[in-house]
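Enquirer: let's see this in three dimensions:
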Amino acid sequence: MLYRLKSKYRTFKKWYKNIYKHQAKIDIGNEYKLPWKEKLHYNLLGFTDQEYYNFNLKHNDYHNYISYYERMGLDDANGRFAYIIGEKLIFERFFGQIVNVPHIFAWNRNGVYIDPNTSEIVDIIALLKNEKRLIVKPTRSNGGGYGVHAISYTDNSFLLDNNIISSEALIDYLLKLRDCIVVQFIQQAEYSSKIYSNSTNSIRIATGRMKNGEIEVLLSFHRFGSSTSGIVDNISSGGVFSLIDENGCLSGGRSYVDINKVLDRHPDTGAIITETIIPGWKKLCTRLIEAHKKVPYYSFLAWDVVLDQNNNPYILEINRGSDLGIQCIKPLRNEKLGFFMRENGMLSSRVDK
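Expert: So this is what the prediction gives:
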């Protein structure tokens, strides 16, 4: 009896912290306020205020959607093995044995950049002159693209996030960062660069191990940066997102800047998004399924993929969960992801028909 009460208390505490007290804001500055009755009703069902508006739950049936509270269950799907995914230094060593991952050139350890393989000090300026472009990011993801920077050397000039900076100022800035890595820059495929070239535009592909033991692609969508999101393609920072069908064809895009507007073309470049075909899509999905099979201790993996200039896939990172704000395009509760979550007890029966 005491155990059940404690369990219910922990569940309530988790709900209260992540739903009722959730500040339903996104990085581009929007804030959503509901009448308190509506807010309480949908918060109790696990939906945030933002989801209420983005999914248009005033008119759409909430039974078709996976709530914010439910999707948090994906974070715990891999149990004690999940921490490896979030540690980028370990991630490269571990997953780099089965998939292509960007090479880590340097790690900032206590204000000194060292080679993580040899512990030798790395001259970042010399490295940058040789590589021309590099990515600096935290060793642990902060979400929202926070802490990610692009540094470049072109025409005898140094750039930080596309802004010219002196070599001395660049080094001073990088030395002030803590617990970050300097990573190989992957030049993206032509189709992706054509849509938006100022960010590396990644593909999110989620794979899951079903109860019958088969690995399936559960979800896939493409992200593109924008003038709002800057050098990152993050959705919550104002990036554009589009669903991908089984043939690698993109749907019309959406953006939190104007969630109700379908974007057949990119809002900044005018390049066509709708019905753009991702090259080698089925081969890519097969490769990720085979890679997932090699790590049987993982039930759910959300791969962030970029295709290089030769359409070879590189895994930028793997996430233990996944943002499901893309349900504003298509609800997912009765799709493959929903089936996977239902099989693993992640969907609350109170919102099932």
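Enquirer: quick one, what contacts residue 86?
Expert: Contacts of residue 86 were listed using C-beta atoms under 8 Å, 6 or more residues apart in numbering, and they are 140-141, 320. (Glycine included, C-beta is placed from N, CA and C.)
Enquirer: for it, phi and psi?
Expert: Per-residue torsions, residue 86: phi -80, psi -20 (degrees, to the nearest 10).
Enquirer: low-confidence ranges, the protein, go.
Expert: Applying pLDDT under 70 to the chain flags residues 1-31, 142-145, 349-353.
Enquirer: could you pull out the strands for it?
Expert: 104-109, 112-114, 133-138, 149-154, 157-160, 163-165, 180-184, 203-209, 215-224, 240-243, 254-255, 300-307, 313-319 (DSSP state E).
Enquirer: which among the ones you listed is found nearest to residue 127?
Expert: With C-beta to C-beta as the criterion, residue 127 lies closest to strand 104-109 of these, at 5.8 Å.
Enquirer: what does the closest one rub up against?
Expert: 88-89, 92, 113-116, 122, 124, 127, 131, 134, 139, 174-175, 177-184.
Enquirer: rerun that using 6 Å as the cut-off
Expert: 92, 113-114, 116, 122, 127, 177, 180-183 (C-beta atoms under 6 Å, 6 or more residues apart in numbering).
Enquirer: what do you get for stretch 149-166?
Expert: Contacts with stretch 149-166, where a contact means C-beta under 6 Å, 6+ apart, come from 128-129, 132-136, 167, 170, 231.
Enquirer: now, which of the residues you listed sits nearest residue 51?
Expert: Checking the contacts of stretch 149-166 one by one against residue 51 (C-beta to C-beta), the nearest turns out to be residue 231, at 27.3 Å.
Enquirer: wait, that closest one sits on residue 199?
Expert: Yes. With contact defined as C-beta atoms under 6 Å, residue 231 counts as touching residue 199 (5.3 Å).
Enquirer: when those two are compared, which one has more neighbours?
Expert: Using other C-beta atoms under 10 Å, the more surrounded residue of residue 231 and residue 199 is residue 199, with 23 against 16.
Enquirer: how about the more buried one: what's its closest non-neighbour residue?
Expert: residue 225 (2.7 Å; C-beta to C-beta, 6 or more residues apart in numbering).
Enquirer: any idea how far stretch 95-112 is from the middle of the chain?
Expert: Computed by C-alpha atoms, centre = their mean, to the nearest Å, the chain-centroid distance of stretch 95-112 equals 19 Å.
Enquirer: restrict that stretch to CA atoms and write it as CSV.
Expert: Taking Å, rounded to 0.1, in the frame of the first residue of the first chain, the C-alpha atoms of stretch 95-112 are listed here in CSV:
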residue,chain,number,x,y,z
PHE,A,95,28.4,4.5,-32.3
GLY,A,96,31.3,5.5,-34.6
GLN,A,97,32.0,1.8,-34.9
ILE,A,98,28.7,1.1,-36.7
VAL,A,99,27.8,4.4,-38.5
ASN,A,100,29.6,7.4,-39.9
VAL,A,101,29.9,10.2,-37.3
PRO,A,102,31.7,13.6,-37.6
HIS,A,103,35.2,13.4,-36.2
ILE,A,104,35.9,15.2,-32.9
PHE,A,105,39.1,17.2,-33.3
ALA,A,106,39.3,18.7,-29.9
TRP,A,107,37.8,18.8,-26.4
ASN,A,108,37.9,21.8,-24.1
ARG,A,109,39.1,20.4,-20.9
ASN,A,110,39.4,23.1,-18.2
GLY,A,111,40.1,25.8,-20.7
VAL,A,112,42.6,23.9,-22.8
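Enquirer: thanks again, I'm all set now.
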